[in-house]
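**Q** Build the 3D model from these lines:
(2 chains)
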Amino acid sequence: MIERKDVEHVARLARLALTDAELEKMREQLNGILAYIEKLNALDTTDVEPTSHAVPVVNVMRDDEPGECLSRDDALANAPDRAGEFFRVPRIIED
Amino acid sequence: MPDLIALTAHELTDAFRAGTTTPSAVADAYLARIKAVDDRVRAYLTVTEDVARAAAAASDARYKAGTPLGPLDGVPISYKDVLATRGVRTTCGSRILEQWVPPYDATVVRRLGAAGVVPLGKSNMDEFAMGSSTEHSAFQKTGNPWDTSRVPGGSSGGPAAAVAGDMAAISLGTDTGGSIRQPGAFCGIVGLKPTYGRVSRYGLVAFASSLDQIGPFTKDVRDAALVMNVIAGADPHDATAIDVPVPDYTAALAQGVKGLRIGVLEYTKDGMDPDVERAVNAAIEVLRGLGATTQAITLPTADYGLAAYYIIAPAEASSNLARYDGVKYGLRTPGKDLIDMESRTRAAGFGAEVKRRIMLGTYALSAGYYDAYYAKAQKVRTLIRRDFEKAFEQVDVVVGPTTPGVAFKHGEKEDPLAMYLNDIFTVPANLSGNPGVSVPCGFSTGGLPIGLHLVGRAFDEATMLRVAYAYEQATPWRQRRPELA
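**A** Numbering: from 1, shown residues only, chains lettered A, B, ... in the order given. Predicted structure coming up:
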């Protein structure tokens, strides 16, 4: 069972500012979904390799040659806040 | 000349070549249709009238000069709003991307553009493709053209409703757990999920990267093959688009099913709509009548697919959606410091279902739970792959129902788990990577479409489409259309 403090912890990890009502609803719903997921434990998976990817491809290589890329203006065009050639964010490092 | 908007893509380009109509006339007919009925269906988030008219005019000129680009030149298309379109707003059905204007085209959009299609606009979807009803769009609820009080399915409900409602000749959707095949079934059209790795995802806003695939909605099977001919194949921009030769998917369509071995999926009858069961059984009889041999097939671990999916997909989503932090693009809500800004931005920008999945995925990946959930689900995924491998040692295609029921009413499935259960038959093919297609196989007593689900071998869409085509040609379902007008 997930408790309220677990939900709060996960919300912090996920960077989601949830309201009290949302946290409570989330606790109920996550418990419901996880109870359904418990059915996986009925399957014996000892010595079964995990599948991370349906088609086995590894290390697709290409020549390391510069190609076309977005212009700086295109890359910055959707920025919520910019300062000249930079993305602007709230101050992180204190004076 | 029959109603232009009723025609398939291949019928349209036949008419263009014969000179009986032009791409501009067809684009006009579609734009007029959107104006006439989309206030009721609400399939489109953005209609690109100017782009469409310019593309149609260019296509007119090519036909006039006798130099069309191929069998999709001049065909009107709708793109699910999860595919990046240069200069055209791409929202993903989310407030967080409401104003995002991509600086580049998705590879599929670029390839279809080079094939001469006429882009009508961007269609509605569940936010970030999370949902089975398109009710989780932040902007509007789309109606099913067969009964607008019902859902079109999801998450690709907009592009499905656009084709079913004759507001596009073809469209592209995406399928992570059934999001093309289920709306295809609910809307009475063809919906194809290609093999994982068959189609480049460059420019597809990522949901669950080990599962997502792009595929077409079409009015018939031949059109699905024609779209695949354009979008399939390797791409230097997407290392997961695998370099396997692309056949001409139309070449084998008409070869019939004589000698093919069809696996009839044995599935749990719990919660099944008897109309769906009846229609699927009748479809199997049709395939037998056409000369296919059939045998019962079980996928013993497929029943666990949904549970594995609801660990794997949210886990990958929680990681993919970490990029929406209010810095590089999308919404920003001010906060007292960086973390506060990020947390407020994400709280304001994401809807309830997206938050739920991010929370579920973050929990499943968090310290102490990884092995119990994510690693366990990936092992179950291996068992499901083995089930399919075993099945395909005995048969060429597996058939069954696409969904347990027909299109439900808006607001009918408020409980998240009840909604998830819609995907029970479609999810296994995403986990295993196999291609799947839903083709219309009849109607419920209430007049709603039913889909037949065919699953093929990896990278063998051609055989799967051959069976779908034989079935479609032997049955009358395509003739029936919704009475929107």
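
**Q** Just the CA atoms of the longest helix along chain A, as PDB, please.
**A** Assignment by DSSP state H gives helix A:20-37 as the longest helix of chain A. Once non-C-alpha atoms are left out, helix A:20-37 reads as follows in PDB (Å, rounded to 0.1, in the frame of the first residue of the first chain):
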ATOM      1  CA  ASP A  20      -3.900  18.200  -1.100                       C
ATOM      2  CA  ALA A  21      -6.900  16.900  -2.900                       C
ATOM      3  CA  GLU A  22      -4.800  15.700  -5.800                       C
ATOM      4  CA  LEU A  23      -2.400  14.000  -3.500                       C
ATOM      5  CA  GLU A  24      -5.200  12.100  -1.800                       C
ATOM      6  CA  LYS A  25      -6.900  11.100  -5.100                       C
ATOM      7  CA  MET A  26      -3.500  10.000  -6.400                       C
ATOM      8  CA  ARG A  27      -2.900   7.800  -3.400                       C
ATOM      9  CA  GLU A  28      -6.300   6.100  -3.900                       C
ATOM     10  CA  GLN A  29      -5.800   5.600  -7.700                       C
ATOM     11  CA  LEU A  30      -2.200   4.500  -7.500                       C
ATOM     12  CA  ASN A  31      -3.200   1.900  -5.000                       C
ATOM     13  CA  GLY A  32      -5.900   0.700  -7.300                       C
ATOM     14  CA  ILE A  33      -3.600   0.400 -10.300                       C
ATOM     15  CA  LEU A  34      -0.800  -1.200  -8.300                       C
ATOM     16  CA  ALA A  35      -3.200  -3.800  -6.900                       C
ATOM     17  CA  TYR A  36      -4.100  -4.800 -10.500                       C
ATOM     18  CA  ILE A  37      -0.400  -4.900 -11.400                       C
END
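
**Q** hmm, that helix touching chain B?
**A** Yes - applying C-beta under 8 Å from any C-beta of the partner chain, one finds helix A:20-37 in contact with chain B at A:22, A:26, A:29-30, A:32-34, A:36-37. Backbone N, C-alpha and C define where each C-beta goes, glycine included.

**Q** Just the endpoints, please. Distance across stretch B:6-24?
**A** Stretch B:6-24 has an end-to-end distance of 16 Å (C-alpha to C-alpha, to the nearest Å).

**Q** For the residues of helix A:20-37 next to chain B, pick the one with the most neighbours.
**A** residue A:26 (24 neighbours; other C-beta atoms under 10 Å in any protein chain shown).

**Q** And it, how close does it get to residue B:9?
**A** Look at residue A:26 and residue B:9: by C-beta to C-beta, to the nearest Å, they are 45 Å apart.

**Q** Ok, residue B:65 next?
**A** 21 Å.

**Q** who's more crowded, those two?
**A** The residue with more neighbours, out of residue B:65 and residue B:9, is residue B:9; 26 against 8, by other C-beta under 10 Å.

**Q** State the distance from the more buried one to chain A.
**A** From residue B:9 over to chain A the distance is 29 Å, taken as C-beta to the nearest C-beta, to the nearest Å.

**Q** Next up, the contacts around residue 12.
**A** Looking at chain A here, since you left the chain open. residue B:343 (C-beta atoms under 8 Å, 6 or more residues apart in numbering or on different chains).

**Q** that's the wrong chain, I wanted chain B
**A** B:4, B:21, B:26, B:74-75, B:169.

**Q** What is the nearest of these to residue B:395?
**A** For the contacts of residue B:12, the closest approach to residue B:395 (C-beta to C-beta) belongs to residue B:169, at 33.3 Å.

**Q** Quick check, that closest one in contact with residue B:7.
**A** Yes - contact between residue B:169 and residue B:7 holds when scored by C-beta atoms under 8 Å: they sit 7.1 Å apart.

**Q** returning to what we had before: present the contacts of residue B:12 as JSON lines; the columns should include neighbour count.
**A** Formatted as JSON lines, the contacts of residue B:12 follow (neighbours: other C-beta atoms under 10 Å in any protein chain shown):
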{"residue": "B:4", "neighbour count": "20"}
{"residue": "B:21", "neighbour count": "16"}
{"residue": "B:26", "neighbour count": "23"}
{"residue": "B:74", "neighbour count": "30"}
{"residue": "B:75", "neighbour count": "29"}
{"residue": "B:169", "neighbour count": "31"}
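
**Q** Report the residue spans of chain A with pLDDT below the cut-off.
**A** Within chain A, the ranges that satisfy pLDDT under 70 run A:95.

**Q** try it again with 80
**A** Counting by pLDDT under 80, the ranges of chain A that qualify are A:56-57, A:93-95.

**Q** Next: the stretch 201-350 of chain B.
**A** Checking the stretch 201-350 of chain B against pLDDT under 80 turns up nothing.

**Q** tell me the centre residue of chain A?
**A** By C-alpha atoms, centre = their mean, the mean C-alpha position of chain A lies nearest to residue A:14, the distance being 7.2 Å.

**Q** for it, phi and psi?
**A** phi -90, psi 0 (degrees, to the nearest 10).

**Q** The one 3 residues further on too?
**A** Main-chain dihedrals, residue A:17, degrees, to the nearest 10: phi -80, psi 90.

**Q** residue contacts, it?
**A** A:11, B:340, B:343-344, B:346-347.

**Q** Tell me the gap between stretch A:18-25 and the middle of its chain.
**A** 20 Å (C-alpha atoms, centre = their mean, to the nearest Å).

**Q** Show the residue spans covered by the strands in the chain.
**A** This is for chain A. A:82-83, A:86-87 (DSSP state E).

**Q** I was thinking of chain B, sorry if that wasn't clear
**A** Taking DSSP E as the test, the strands found in chain B are B:44-47, B:76-80, B:118-123, B:170-175, B:190-193, B:213-218, B:261-265, B:293-297, B:397-401, B:436-443, B:449-456.
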